[in-house]
Structures are given as structure tokens and as C-alpha cells.
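Novice: Sequence first, then the predicted structure:
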Amino acid sequence: MIEPFLEMMSAERGAAANTLASYRHDLEDADGYMRTRTGRPLQQAASADVASYLRALSGEGLAASSQARRLSALRQFFRFLYAEGVRGDDPTGPIASPKKARALPKHLSTDAVSRLLERARAEADADGAGANAVRAKRTRAVVELLYATGLRISELTGLPAALLGRAEPFFTIRGKGGKERLVPLSEAARAACLDYRQALDADPRAVDCPFLFPNETFGAPVARQVLARDLKALGARCGIAAAQLSPHVLRHAFATHLLQNGADLRVVQQLLGHADISTTQIYTHVLDERLHALVSAHHPLAAATRRH
């Protein structure tokens, strides 16, 4: 029944040649497995047989995304058999799609962040005036804030200018879902923001502007795309590829470097504003590395192994 299925996909759904070739490969592979394991063709497979086939693919190291593609082909095939009256059921119905592993977030090393901060500070402190000087100071303030706080870029652009009038080392931010959280404000980040605002206040329109980072007309916050563009340009000037750098990458660096230096996962969850700890658990690879290093450094057997 594989050939009639492929003919239907071509004639009725206009499937491209590459798509048909992919379906053929996946279905013939499954058919071969079924005949070898059960002695029956694919069209007679039971749910347990399909589940066994997927487990076999996983055991061979096939990626979850590729397993999901194979299962999708099987679903299409068995729905065709049901529609044609060849089968009275769909054995793929009870089968859950393989879950794709969550990609580890991109983050910068501490050395890369140090280079970024040093370049931002040098450019902000360079002699100059006008729009370019203000932009350099703004970029420094943005880098300092993102790395010191872990803010989302949308949260950063919405910060009020009144924030700098507070003496407290923390401020409150309203994040996703309207949830409020406390965010630390380092002295370096505060100093960078004050330096930027002092340069910006040379424009009379800035005096009554309520936004910490206004746009060119002072009528709204600066667009996050503008800040992202300036950040990538700064990164390029200190040897960091554009694909490796974004405001969100600095947020991930904030979390990763905290965990690498001993912070608790629950604390990082609160600082990032994650509603569920499962979201923060994308960083558990950092904890795994830290625990491995801890055991390797301090366990008596590990120490004995190093001596030998």
C-alpha cells in the first residue's frame, strides 16, 4: 500500500518529488523493520509495533526531530489506509510524538563579556560630543544593565528615568504576565546610566522625558531593534561575531555566570522572572558541570586517582 499512498500524495496533495522520496524512504524503512520483527507488512502493524520501531530509532541515536518526522509519515500513511477502508483503526493514534530536547541557550564566556564591557567603557569615556558620544554612552549603559540584571530587552526599554533617583540597590520590574520582581542594580550599571543621562540631558527635550532610554523624538522608548543593532556593532569591534551576540544572550550570560559561581537555581529563577522552575532548568547543564568539578576536586577517590 506504500505505492498507492505515494500516488495519492502526488495526485491529490501535489507533494513535491523530494517530499515523496522522503515518505518512501521512511515508510520502506518502517516496513522492513515490521517484516523482520513481526513477519507482517507495515500496513498490518499494531500500536505496540509502531512504538517499538520508534524506540529502535532512538536506540540508533536518531534525533528526536527525525523520529518525529518518521512518525508523521506513518500517521499520514495509516490515515490513508483508514480512509481507503483498508484498516478500521489508526495504530499511531496512541503514540506521542518524540519530544525535542530543548536547545541550550547561547551565552558568552566571562572573558567575552569582559572584552565587551571594557570596549563599551572605553568608547563611552572617549572624548567627544554630539549624537555619537551619546550613543556610545547609551550602549555602555545597556550592556552594563543587561549583564548586571538579566533583564529582557523589552523590560529594559520600558525602564523609567525616575529609576536613577532611587538610592536602593534594587528596583521593581513588571515582567511577563504582569508579575513583579526585584532586580539588583549594581553600582557600575547605575554609574553608566547616570553618565548616559547626563550627556542626554544636554538636549532640553530630555528634561521632562519619562523614559530612561528614549527614542530620537523623546516621545517613546527606543526600539529594542536599535539597541540590538548597536550591541552587535560593539561586539564586532571587539571580535565577537554578530550571530553570537544579542540582548538575550547577555541575559543568558547573567544566569549562566551566576550558576557557575555558586548561585542557587531558585534564586536565578526569581531574578530572571521565570514563572516555573522548569524554564530555568535549561541551565542545569551548568550545575552538572559544577558538580562534576566539585566531586573531581574534593572526593577522596578522585584525589587518589590524580595521584596515580
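Specialist: Ah, there it is.
Novice: going forward, measure contacts and count neighbours with C-alpha atoms only.
Specialist: Will do.
Novice: what about the strands in the stretch 51-200 of the chain?
Specialist: Listed in chain order, the strands of the stretch 51-200 of the chain (DSSP state E, counting those that start in this stretch) span 170-174, 180-184.
Novice: Pairing partners for the first one, with directions?
Specialist: Strand 170-174 has the following strand partners under DSSP bridges: strand 180-184 (antiparallel).
Novice: Let me see the mean pLDDT of the strand it pairs with.
Specialist: What strand 180-184 shows for mean pLDDT is 90.
Novice: same deal with stretch 239-253?
Specialist: Mean predicted confidence for stretch 239-253 is 91.
Novice: Give me the distance from that stretch to the chain's centre.
Specialist: Chain-centre distance of stretch 239-253: 11 Å, with CA atoms, centre = their mean, to the nearest Å.
Novice: And for stretch 267-275?
Specialist: Distance, centroid of stretch 267-275 to centroid of chain: 15 Å (CA atoms, centre = their mean).
Novice: who's in contact with that stretch?
Specialist: 149-151, 175-176, 179, 181-183, 255, 258-259, 276-277, 280 (CA atoms under 8 Å, 6 or more residues apart in numbering).
Novice: Just the buried ones out of those, please.
Specialist: 149-151, 175, 181-183, 255, 258-259, 280 (16 or more other CA atoms under 10 Å).
Novice: rewinding a little: among the strands of the stretch 51-200 of the chain, which comes closest to Gln198?
Specialist: Closest to Gln198 of the strands of the stretch 51-200 of the chain, according to CA to CA: strand 170-174, at 20.6 Å.
Novice: got the CA coordinates for that closest one in CSV?
Specialist: Extracted in CSV, the C-alpha atoms of strand 170-174 (Å, rounded to 0.1, in the frame of the first residue of the first chain):
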residue,chain,number,x,y,z
PHE,A,170,17.2,47.0,43.9
PHE,A,171,14.3,48.2,41.8
THR,A,172,10.9,46.6,40.9
ILE,A,173,10.1,45.5,37.4
ARG,A,174,6.9,44.2,35.9
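Novice: List the buried residues for that strand?
Specialist: Ile173.
Novice: Relative to Gly32, how far out is Lys179?
Specialist: According to CA to CA, to the nearest Å, Lys179 and Gly32 sit 54 Å apart.
Novice: so how far is Thr139 from Leu108?
Specialist: Applying CA to CA to Leu108 and Thr139 gives a distance of 17 Å.
Novice: before we move on, back to that, please render the strands of the stretch 51-200 of the chain as CSV that adds distance to Thr217 to the earlier fields.
Specialist: Listed next are the strands of the stretch 51-200 of the chain as CSV, based on distance: least, CA to CA, whole Å:
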stretch, distance to Thr217
strand 170-174, 25
strand 180-184, 29
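Novice: for the ones you listed, which one sits closest to Arg119?
Specialist: strand 180-184 (23.2 Å).
Novice: if you go through the stretch 1-150 of the chain in chain order, where are the helices?
Specialist: Under the criterion DSSP state H, counting those that start in this stretch, helices of the stretch 1-150 of the chain are mapped to 2-11, 17-38, 47-59, 64-83, 110-125, 131-149.
Novice: Nearest to Glu216 among the buried ones among the contacts of stretch 267-275?
Specialist: Leu151 (22.7 Å).
Novice: How about the closest one: what's its closest non-neighbour residue?
Specialist: Once flanking residues are discounted, Leu151 sits nearest to Arg251: 6.3 Å by CA to CA, 6 or more residues apart in numbering.
Novice: Run through the residues that contact Ala236.
Specialist: By CA under 8 Å, 6+ apart, Ala236 lies in contact with Ala242.
Novice: Got the phi and psi for it?
Specialist: Torsion angles at Ala236 (phi, psi; degrees, to the nearest 10) stand at phi -60, psi -30.
Novice: for Asn215, same thing?
Specialist: Phi and psi for Asn215, reported as degrees, to the nearest 10, are phi -80, psi -170.
Novice: Just give the number of residues close to the residue nearest to it when sequence neighbours are not counted.
Specialist: Spatially, and ignoring its direct neighbours in sequence, Asn215 is nearest to Val222 (4.0 Å; CA to CA, 6+ apart). For Val222, the count of nearby residues is 19 (other CA atoms under 10 Å).
Novice: check contacts around Val222.
Specialist: Residues near Val222 by CA under 8 Å, 6+ apart: 157, 213-216.
Novice: about what we covered before: out of the buried ones among the contacts of stretch 267-275, who's nearest Leu6?
Specialist: Closest to Leu6, out of all of these and judged by CA to CA, is Thr280, at 44.0 Å.
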